[in-house]
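Colleague: pasting the structure only:
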């Protein structure tokens, strides 16, 4: 990934985090990593643990941000979420869901944010 893309990706993640917080979700973890993968945002929505994958696309030439969550990516997210719950037993019995936030456009220039709740099941 190009350095400019990394910056834009971080900005998109911050934009997504702010949006979620404005809707009442609380941050549990950001960029949580383990050998199984990475979780962009782990949020709490009332009593539900929400694993949020943030996808950023400046243009749709290679497909939209939402389309980039394929079966292999879903499997990695599920495995990382299982590891998170194993390491954080406080949340292990809580209901969980997987959301995807797709941010499209040039950062700082009126990004479009699409939030898909319960994007896939584990």
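Modeller: Received, thanks. All of these numbers come straight from a predicted model, not from anything done at the bench.

Colleague: okay, helices next: where are they in this protein?
Modeller: Along the chain, counting by DSSP state H, helices occupy 3-22, 71-87.

Colleague: now those in JSON lines, please, with extra columns for mean neighbour count and mean pLDDT.
Modeller: Bear in mind the C-beta positions are built from the backbone N, C-alpha and C, glycine included. JSON lines is the format used below for the helices of the chain (neighbours: other C-beta atoms under 10 Å; pLDDT from 0 to 100):
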{"stretch": "helix 3-22", "mean neighbour count": "15", "mean pLDDT": "84"}
{"stretch": "helix 71-87", "mean neighbour count": "16", "mean pLDDT": "95"}
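
Colleague: is it possible to get TSV of those that adds distance to residue 94?
Modeller: As requested, the helices of the chain are exported to TSV (distance: least, C-beta to C-beta, whole Å):
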stretch	distance to residue 94
helix 3-22	17
helix 71-87	8
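
Colleague: enumerate the beta-bridge partners assigned to the most centrally placed residue in the chain.
Modeller: Taking C-alpha atoms, centre = their mean, the centroid of the chain lies closest to residue 53, which sits 1.9 Å from it. Beta-bridge pairing for residue 53 (DSSP bridges): residue 100.

Colleague: dump the residue contacts of it.
Modeller: 39, 40, 69, 73, 77, 98, 99, 100, 101, 119 (C-beta atoms under 8 Å, 6 or more residues apart in numbering).
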